[in-house]
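A.B. asks: Next input, structure requested:
(2 chains)
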Amino acid sequence: MTFNVSDVKPLINDEFTGEPTKRALQYISNQRASGMPVVGLYCGYAPLEVIRAVGAVPAILCAFADKPIPAAEEVLPANLCPLIKSSYGYIITDTCPFFGLSDAVVAETTCDGKKKMFELISSHRPMFVMDLPQLPDEAEARSNWATMISKLKGFLENTFGTSGTSEGIEAEIQATNIKNRLIRRVYEYAEKKPPLLSWQELYELSYLAQVATTEHLLPIFKEIFETIEEREDKGIYYGSPSSPRVLVTGCPVGGDSTKVYRIIEEAGGIVVAMDACSGMKPFLSDIEEKTGDPIGAVAQHYLEIPCSCMTPNTRRLTELDKVIDRFQPDAIVEVVLHACHSYNIEAYKIMTHVKEKHNLPYLKIVTDYSEGDVEQIRTRVEALLESI
Amino acid sequence: MQAAMAAVPPLIENAQIADPVRRFLEYVLNKREQGNPVVGVYCGYAPVELIRAMGAVPVSLCSASQWTIPAAEAILPANLCPMIKSSFGFIRTNACFFYAASDAVIGETTCDGKKKMFELIAHLKPTFIMDLPQLPDDTEVLDRWRKSVLKLQGFLEKTLQTSLSADRLEAEIRETNRKNRLMDRFFAYLACRPIPVSWREIYDVITLEHVANGDEFQDLIEKISSSIDQRIALGQCFGTFSSPRILVSGCPVGGDACKVLQIIEEAGGVVVAMEACSGMKNYFVRITEESSDPLRAVAESTLSIPCSCMTPNRRRLDLLDKMIARFSPDAVIDVVLHACHAYNVESHKIRKHVQKKHGLPCLKIETDYSKGDIEQIRTRVEALFENLELKK
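C.D. replies: Numbering: from 1, shown residues only, chains lettered A, B, ... in the order given. Predicted coordinates:
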C-alpha cells in the first residue's frame, strides 16, 4: 500500500522517518543530558502528568521485539505474552537503551504476567509498582487510584530529590489536553475516505507524543498540519478509494507485531484506526482542568482507559462505538498477543458487539512476535477482506 | 502402596466418608431446606466467616473436571487455565449442582482469566466481584480490602434479605479458629515418618471440615486421632520409612488434577504436605478474636493468604519455610495449572528458594485436567525419586 503519488513528504519530516524508537531515544538522551531524570514505563496507566510535574522525562521501555525472547524463556514460561517476555529479555540481556537511561521504573498490576515479571526486575532499578483498581465503576476506585498516584509522586520525589506541586500537575494536565486535541485533529485526516495518512505515520506520532512535551511538539505539529493540508490540496491520499478500511483493536501492537498491519496492507486493506494503547487510546479524551484536585483529575482520567484488565470494561465498547462512527471501518481486526488472557477472553464480547451492533465482519488474530504465523495470518486476512 | 493400606481400617467408620462429595451435597440440601441461603464461592479470598455470620452457607463451586472443558472452549480460549475453563463449562452445561443451588455468587479479581470469565456469568445469578488489592505489604491495603468486604456485606444483606450482627461474626471467627486449631492437630500426624495417612485421607478430612461445625469437627478429629494413634501403635503406615516425602505446592489440586498426587504415590512417594489453597494453606490462618472491628479482623486474615496473585508474595516463602521445617519433605513438587501465569512465573522464585535455602530438589509440573500427560509426568516424578535415592 502506498500513497497515490510518489515522493510524498513524510508527516514527521526529520532524519528519523520510519524509526520512531531512535527518534524517542535521541529526545530522551538530550533531556537527560540537560539534567532531567528519566522514568521508564511499560504501560499507559502511568500518569505522565505527575512524572513530568516532578521534573522527569518519561521513556517507553522496549517490549516489542522477538530477539530477546529466547533469553527471557530461560527464566519465564514460554507460554506467556510476548510483550512480557520481550520486556524481561531486554533487561537481562542489557539491550534496552531506554532502560539503560532510566533512573527509576514505574509499573502497574495490570495483568498476572507483568505483575510477576516485575518482581524479577525490581532489583535492577528503583521501581514503584502501582496497585491498579480493577473495578473502575466502583465508588472507591478513583480515591484508591488517587492515593496510589500520590504515593508514586512521593516515590519519584524521594528518588530524584525533586518536588512536584499541584500547580505543576495542573499545568501538565492543560499541556496534555492541548497535545491530545492536536493529535485528534491529525486523526481527522485518517477519517477521510481515502485517508491522507498511513498507519506508520500515525504510529510514529503516537510514539513521539507519549514521550515529548507539548512545548516541544508544537513546532512539529505546525509542520504536520502544513504537510497534511498540502496533501489535501494536491489530492494526495493513502491507498485507494476502494481499499477496505480496517480498524485494529486489542493488545498493543508495535515492533515485530506490526506484521499484522503490514499483512493487512499487503492484502489490499488500509489501517485507518488503531484503538490499542500503542495507537490512539491515550489521546482520545481530555483530563478535567481546574478542579482544585489535579491528582484526582489525573486519577479519574487514567482509570477511564478502557483496558481489558478492567472488569467490566464497558467503556471499551462505548469507545469502540465512537471510533467506528468516526473512522467508518469496513472490518475489525482484533490482535490478541499470545497468552494475554484478558484481551483473549474479552474478544468474545467485542466480536458479539461488533457483529450485532455494527454488523461488521470481525477477525481475531492471536499472535506473537515471531515470523512463523505470517502466512497463516495472511490467509485469514485475505479471506476477511474478500468477504467485504 | 494401596495394597499395603487395604488391611488398614478407614480413619472413621462412617459410610459417608467414602463419598465426601455426596456428604457435601446432602449438607447443602439440608441447609437449604432449613431456609439458609447458599453462597457460591470460587476462592479462598471469599470471607466465609462473614457469609456464615449472615446465616448463609458458603459452598465451593465445581471447577476441577476435564469433562466440562470442551463446552467452555466454545467461548473461552483453549490456552487458559483448566480450572477457569472447567468452572465456566460447569455453568454453561448446567452441571454444577452447587451453582444451581446458590442464591448468590462471589468472585474476586485474583487473576486475569477468572476476572474476565466472571463477566460472562455475572448475569446468570446475583454476582459480587471483590476488587482484591494485589500489594499485600502496602499501608492502605487493609483499609481497601476491608471496604470490599464491607461492600460484600451490603450486597449479601440486599440479595439475601438478611443482616449481620457483630456478635455473630465474632462467633464465626472463634469457630474458624477453633476448627483451624483442630485441623492442626490432624496435620501434626503428617510430620510423622513414616506417615500414617494417605493424601486421599487428608482431602477427606478437609472436605468434612467444610460441612462440620466446631463441635462436630471436634468429635471427628478426636475419632480420627484415635484411629491414627491405633495405626501408629500397630505399626501401620502409608508407604515405608524410606518412601520419598513430598511437599506439593502451587495451584489448587483437585478433581482431575489429583492425577499428580496419584502419580507421586504410584512412583513410591508419599505426599506429606499440600501447601495450595485446596490443601492446607487456609488452615494456618488465625483470625484476631475480640478486636473492636471483627470485619477488619476477617479482612486481615483473608489478605494474609499467600497466593501468587499477590506481589511480592514473600509470605509464600515464609509459609514454605515453616512447612518444610515441620513436615520434613525430601522434595518439593510445584504444580502449575496450564496457563496460570502467576504461579508459573513465581515458580522460578520458589525453586531457587527451596534449592538454596533448604537444599531440596524442586520439580515444576505444568499440567491440566486431561490424561494426556500422565506418562510424561510419571517419568519426571520417577526421575526425581531416583535422584533422591542416589543422594542417600
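
A.B. asks: quick one: contacts for the closest residue to residue A:265 other than its chain neighbours?
C.D. replies: What sits nearest to residue A:265 in space, not counting adjacent residues and going by C-beta to C-beta, 6 or more residues apart in numbering or on different chains, is residue A:1, at 3.9 Å. In this view, the C-beta of every residue, glycine as well, is placed from N, C-alpha and C. Contact partners of residue A:1, counting by C-beta atoms under 8 Å, 6 or more residues apart in numbering or on different chains, are A:198, A:238-239, A:243, A:265-266, A:268-270.

A.B. asks: Take these and, keeping just the buried ones, write it as a ChimeraX select command.
C.D. replies: Per 16 or more other C-beta atoms under 10 Å in any protein chain shown, the buried members of the contacts of residue A:1 correspond to this ChimeraX selection:
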select /A:198,238,239,243,265,268,269,270
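
A.B. asks: From the contacts of residue A:1, which land in strands?
C.D. replies: Under the assignment DSSP state E, the contacts of residue A:1 contribute residue A:270 to strands.

A.B. asks: mind listing what residue B:269 touches?
C.D. replies: Taking C-beta under 8 Å, 6+ apart as the criterion, residue B:269 is in contact with B:239, B:243-246, B:381, B:385.

A.B. asks: ok, 6 Å please
C.D. replies: By C-beta atoms under 6 Å, 6 or more residues apart in numbering or on different chains, the contact set of residue B:269 is B:243-244, B:246.

A.B. asks: Residue B:267 too?
C.D. replies: Residue B:267 touches B:381-382, B:385, counting by C-beta under 6 Å, 6+ apart.

A.B. asks: Equivalent analysis for residue B:246, please.
C.D. replies: Applying C-beta under 6 Å, 6+ apart, the residues near residue B:246 are B:264, B:269, B:271, B:329, B:331, B:333.

A.B. asks: between the contacts of residue B:269, which is nearest chain A?
C.D. replies: residue B:246 (22.4 Å; C-beta to the nearest C-beta).

A.B. asks: Make CSV out of the contacts of residue B:269 and add pLDDT and secondary structure.
C.D. replies: Output for those, formatted as CSV (pLDDT from 0 to 100; DSSP: H, G, I helix; E, B strand; the rest coil):
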residue, pLDDT, secondary structure
B:243, 96, coil
B:244, 98, coil
B:246, 98, strand
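
A.B. asks: Close to chain B: what parts of the stretch 201-350 of chain A are there?
C.D. replies: A:311-312, A:341-342, A:344-346, A:348 (C-beta under 6 Å from any C-beta of the partner chain).

A.B. asks: Sort out for me which of the residues you listed are in helices.
C.D. replies: Cross-referencing those against helices under DSSP state H gives A:341-342, A:344-346, A:348.

A.B. asks: between the residues you listed, which is nearest residue A:259?
C.D. replies: residue A:344 (18.7 Å; C-beta to C-beta).

A.B. asks: I'd like to know how many residues surround the closest one.
C.D. replies: 27 (other C-beta atoms under 10 Å in any protein chain shown).

A.B. asks: returning to that earlier point: so which of the contacts of residue B:267 wins on neighbours?
C.D. replies: In terms of neighbour count, residue B:381 stands highest of the contacts of residue B:267 at 24 neighbours, by other C-beta under 10 Å.

A.B. asks: I figured that residue hits residue B:261, correct?
C.D. replies: No. The pair residue B:381 / residue B:261 is not scored as a contact, 10.5 Å apart, by C-beta atoms under 6 Å.

A.B. asks: What count of nearby residues applies to the residue of the stretch 101-250 of chain A found nearest chain B?
C.D. replies: At 3.7 Å from chain B, residue A:116 is the closest residue in the stretch 101-250 of chain A, using C-beta to the nearest C-beta. Using other C-beta under 10 Å, residue A:116 has 28 neighbouring residues.

A.B. asks: cool, and residue A:172?
C.D. replies: Neighbours around residue A:172, by other C-beta under 10 Å: 24.

A.B. asks: give the contact list for it.
C.D. replies: A:49, A:52-53.

A.B. asks: Inside strands: which ones of those residues?
C.D. replies: Per DSSP E, the contacts of residue A:172 never map to strands.

A.B. asks: Quick one: name whatever helix or strand follows whatever helix or strand the residue of the stretch 101-250 of chain A closest to chain B lives in.
C.D. replies: Assigning secondary structure by DSSP states H and E places residue A:116 in helix A:112-121. Note on helix A:112-121: by DSSP H and E, the next helix or strand toward the C-terminus is strand A:127-130.

A.B. asks: same question for that following strand, mean pLDDT?
C.D. replies: Over the span of strand A:127-130, the pLDDT mean works out to 98.

A.B. asks: That strand pairs with which strands, and in what direction?
C.D. replies: strand A:104-108 (parallel) (DSSP bridges).

A.B. asks: For the strand it pairs with, give the mean pLDDT please.
C.D. replies: Strand A:104-108 comes out at a mean pLDDT of 98.

A.B. asks: Can you show me the CA trace of it as CSV?
C.D. replies: Provided in CSV are the C-alpha atoms of strand A:104-108 (Å, rounded to 0.1, in the frame of the first residue of the first chain):
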residue,chain,number,x,y,z
ALA,A,104,13.5,4.8,38.0
VAL,A,105,10.8,2.5,36.7
VAL,A,106,7.0,2.7,37.2
ALA,A,107,5.0,-0.5,36.9
GLU,A,108,1.4,-1.4,37.4
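
A.B. asks: Run a quick neighbour tally on residue B:359.
C.D. replies: Neighbour number of residue B:359 under other C-beta under 10 Å is 8.

A.B. asks: Report pLDDT for it.
C.D. replies: pLDDT at residue B:359 comes out at 98.

A.B. asks: Around chain A, which positions in the stretch 201-350 of chain B sit nearby?
C.D. replies: B:311-312, B:339, B:341-342, B:344-346, B:348.

A.B. asks: can those residues go into CSV with extra columns for neighbour count and pLDDT?
C.D. replies: Formatted as CSV, those follow (neighbours: other C-beta atoms under 10 Å in any protein chain shown; pLDDT from 0 to 100):
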residue, neighbour count, pLDDT
B:311, 24, 98
B:312, 18, 97
B:339, 24, 98
B:341, 29, 98
B:342, 26, 98
B:344, 28, 98
B:345, 26, 98
B:346, 28, 98
B:348, 18, 98
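
A.B. asks: Farthest-apart pair in those residues, please.
C.D. replies: Within those, B:312 and B:339 form the most distant pair, 21.8 Å apart (C-beta to C-beta).
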